[in-house]
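Undergrad: prediction below, plus the sequence it came from.
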Amino acid sequence: MTDRRGLLAAERGTLYKEAEIRVALVYPSPYRAAMSSLGYQQIYRVLHAMPGVAADRAMLPDGAGDAREARGPFVTLETGRPVGGYPMLAYSVAYELEIAGVVETLARAGVPVLAADRDARHPLVIAGGPLTFSNPAPLAPFFDLVILGEGEELIAELVGIARDVGFVRERVWAELAGRPGYFLPHVHGERVPPVAAVSDALLPARSVIATPNTELADMFLTEAARGCSRGCTYCVMRRSTNGGMRIIPRGDIIAGIPGDARRVGLVGAAVTDHPEIAAIVRDVVDAGREVGISSLRADKLDDELVGLLARGGYRTLTVAADGASERMRRVVERSTQAHHLLHSAELAAAHRLHTLKIYMMLGVPGETDADVDELVALSRELAAIHPRVAYGVAPTGPRARVPSSQELIALRRQRLAAPAA
């Protein structure tokens with residue numbers, strides 16, 4: 001990775017610990033994405049809290065697709081040790097396209113990319129992360145096992161078991177057989193078991209490390225809620241670990257914000273469904289901090305909340321429609337209606353926010369020209385209220401096929417064979 005010492009020097013909150021067992025915590029995307037992942041940071045915290053255990057981070061280097069860059073050493077951030085020398089590589093994978101990064105990082109670490117090609121000389125390679133909620137099957141060829149769903153409790157259980165049996169994969173598999181929450185590809189095949197229910201004891205997840213070198217520069221992230229009580233058909237949160245939404249008490253959220261945090265991000269699938277969201281935002285901005293919310297529901301916005309967001313540094317009010325018409329929003333079971341979007345435009349104009357941005361899905365099965373015509377008419381109404389309306393459009397169509405494991409490996413070999421300029 002590029003200039004690891006410079007990245008470390010810019011961080012605040014990095015955890016250093018002497019420990020008998022060190023786990024390589026790998027993110028198959030570059031540093032800027034990895035350190036914006038609250039889940040990745042939460043697992044980092046949990047591993048460091050275990051007696052005798054520490055986690056060292058490793059990320060896909062910037063420019064890893066370049067053949068010359070791919071020949072460089074692949075080491076962990078904290079210690080500079082080769083990733084392939086750790087007894088366990090724990091990956092956090094967010095979506096299918098990051099599997100290419102899995103292939104890249106395993107190859108750079110000198111670890112066989114396919115689980116079937118590994119033996120006792122190689123580390124135990126595991127995966128967790130958001131992809132395990134939605135589509136864990138494509139992970140099967142590359143991982144010895146996959147933690148399904150929320151990983152805070154299971155990662156500690158797994159590392160404890162692996163330590164006790166010497167990180168021998170066959171022994172780990174034997175200990176995990178029949179336990180909920182673990183996908184053992186060589187046992188389960190294509191029948192992925194259900195995610196395991198977990199307690200709320202480790203909620204909320206909070207940032208461990210702050211750094212300017214992320215997509216959310218120097219923002220302290222904390223959960224306001226986990227899961228979602230809504231049932232939009234396209235969203236993986238309708239299949240969340242415990243089902244429904246778990247609310248973090250206002251006092252716990254505010255008490256966990258460090259005194260030196262100047263920017264605070266409230267994270268969750270439906271943060272504005274929190275019954276005390278306005279009071280929480282007021283607590284943040286009254287302390288002189290900027291605030292960000294990961295998800296604003298148009299049907300939950302009111303004058304008080306948007307006014308607080310403006311005080312907290314908001315310049316763009318972003319909501320989601322996710323359907324070109326009222327009919328299409330009913331098809332995907334989205335509760336947003338046209339009058340909610342029009343009210344959002346009124347609030348953005350009243351509080352002098354620069355832009356109203358609306359996320360929109362087009363091409364949903366069953367959509368017709370009449371649905372798009374309704375969107376055009378709504379857009380005209382919105383533009384009459386607020387001078388700057390922007391759409392973030394996600395076209396929905398036949399899903400691109402996930403590349404096979406052999407195709408990903410072949411692509412990596414082609415990159416390495418490319419002549420250096």
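TA: Right, received. Where do you want to start?
Undergrad: contacts for the helix or strand hosting residue 40 next, please.
TA: If you go by DSSP states H and E, residue 40 is part of helix 38-49. With contact meaning CB atoms under 8 Å, 6 or more residues apart in numbering, helix 38-49 is reached by 15, 17, 23, 25, 27, 34-35, 53-55, 57, 90, 92, 128-130, 151-152, 155-156, 159, 202, 205-209, 221, 223, 267. Yep, even glycine has a C-beta here, placed from its N, CA and C like the rest.
Undergrad: pLDDT weak spots in the stretch 251-400 of the chain?
TA: Applying pLDDT under 70 to the stretch 251-400 of the chain flags the ranges 397-400.
Undergrad: show me where it has helices.
TA: Along the stretch 251-400 of the chain, counting by DSSP state H, counting those that start in this stretch, helices occupy 277-286, 303-311, 326-331, 338-350, 369-385.
Undergrad: which of the contacts of helix 38-49 fall within strands?
TA: 23, 25, 27, 53-55, 57, 90, 92, 128, 221, 223, 267 (DSSP state E).
Undergrad: tell me the domain boundaries of this structure?
TA: Taking automatic domain parsing as the domain assignment, the ranges for the chain are 4-199, 220-395.
Undergrad: among the ones you listed, which is nearest residue 214?
TA: Closest approach to residue 214 among the domains of the chain (CB to CB): domain 4-199, 4.5 Å.
Undergrad: hmm, back to that, among the ones in strands among the contacts of helix 38-49, who's most crowded?
TA: Ranked by neighbour count (other CB atoms under 10 Å), the ones in strands among the contacts of helix 38-49 have residue 23 at the top, with 30 neighbours.
Undergrad: pull the contacting residues for that one.
TA: Contact analysis of residue 23 by CB under 8 Å, 6+ apart lists 47, 53-56, 86-90, 159.
Undergrad: what does residue 210 give?
TA: By CB under 8 Å, 6+ apart, the residues touching residue 210 are 11-13, 218-220, 261.
Undergrad: between those residues, which sits nearest residue 391?
TA: Of all the contacts of residue 210, residue 391 sits closest to residue 219, with 25.2 Å by CB to CB.
Undergrad: what's the model's confidence in stretch 198-206, averaged?
TA: The average pLDDT for stretch 198-206 rounds to 86.
Undergrad: in that stretch, which residues are buried?
TA: Judged by neighbour count using 16 or more other CB atoms under 10 Å, the buried positions of stretch 198-206 are 198, 203-206.
Undergrad: for stretch 213-225, same thing?
TA: Of the residues in stretch 213-225, 213-214, 216, 219-225 count as buried by neighbour count, 16+ other CB under 10 Å.
Undergrad: give me the mean pLDDT for that stretch.
TA: Average pLDDT, stretch 213-225: 90.
Undergrad: check the offset of it from the chain's centre.
TA: Mean C-alpha position of stretch 213-225 versus that of the full chain (CA atoms, centre = their mean, to the nearest Å) differs by 12 Å.
Undergrad: circling back: pick out the most distant pair among the buried residues of stretch 198-206.
TA: 198 and 206 (17.0 Å).
Undergrad: low pLDDT regions in the stretch 101-250 of the chain?
TA: For the stretch 101-250 of the chain, the stretches with pLDDT under 70 are 231, 236-243.
Undergrad: mind jotting down where the helices sit in it?
TA: Taking DSSP H, counting those that start in this stretch to define them, one finds helices in the stretch 101-250 of the chain at 131-134, 152-164, 169-176, 185-188, 250-255.
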